[in-house]
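Asker: please find the sequence and the predicted model below.
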Amino acid sequence: MRIMLTGLALLFSQTAAHSETRLNGDLPVKAAVALESTEGLETEYGMIRTSEGLRLRSFVTRPQGTSERLPAIFVTQWVSCGSMRFSDARDSQLKLLARQSGMVMIRIDRSGSGDSEGLGCDKLDYDTEVRHYREALVQVKQHPWVDPDRVVILGSSLGSTTAPLVAEGNNVAGVVVQGGGAVT
């Protein structure tokens, strides 16, 4: 009986999907909420430095327990100025994609959003936002979790217009957009 219980404990300890979150860099966490923690994912709160010296919050996730460089999804955000931090309250489509894809996912808080420094997102011009994403892409492709030759940019809504511009001149594996709009 003791051997069977020990075996079951070992089996469950190896298959349980835990999460781990860590801070990397010198950008402080402003919000009085717990760090993002998603079952089955390791999460790193990092920092991107823009060419004008701003520090932008990055969130990099990967499947728990992986050690090799993985393909990555780099997200360009919709029009809302909120943080890209995953909510603990619900499973968004983006959070489910991060958990189920087996890939690294990279999210960046815009200038003035979440922990990021700078003007508020509502005062950020389009070209500056695209430049920040381009600078972030170059930096995160050097992250030890990311296979730099297999990065896909995912743009949603407004991000569907920025994603192709962020990809331009960068070596990316693809661009995926959804929910984009147009003006006649």
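Answerer: Structure's in. What do you need? Numbers count the residues shown, from 1 in each chain.

Asker: burial count for the spatially closest residue to G181 that is not a sequence neighbour?
Answerer: Of all residues not flanking G181 in the chain, S157 sits nearest, at 7.3 Å (CB to CB, 6 or more residues apart in numbering). Heads up, the C-betas are built off the backbone N, CA and C, glycines and all. Around S157 sit 17 other residues, with neighbours defined as other CB atoms under 10 Å.

Asker: so S157 touches T76, yeah?
Answerer: No. Proximity of S157 to T76 does not meet the contact threshold set by CB atoms under 8 Å, at 9.6 Å.

Asker: that older thread, who's in contact with the residue nearest to G181?
Answerer: The contact partners of S157, taken as CB atoms under 8 Å, 6 or more residues apart in numbering, are 78-79, 178-181.

Asker: how about stretch 161-175: buried residues?
Answerer: Applying a neighbour-count criterion of 16 or more other CB atoms under 10 Å, one finds 161-167, 172, 175 buried in stretch 161-175.

Asker: now that stretch: average pLDDT?
Answerer: Over the span of stretch 161-175, the pLDDT mean works out to 95.

Asker: tell me the helix or strand right after the lowest-mean-pLDDT helix or strand in the chain.
Answerer: Per-element confidence for the chain was summarised using mean pLDDT, DSSP states H and E. The lowest value among helices and strands belongs to helix 2-15, with a mean of 36. Proceeding N to C from helix 2-15, the next assigned helix or strand is strand 20-23, under DSSP states H and E.
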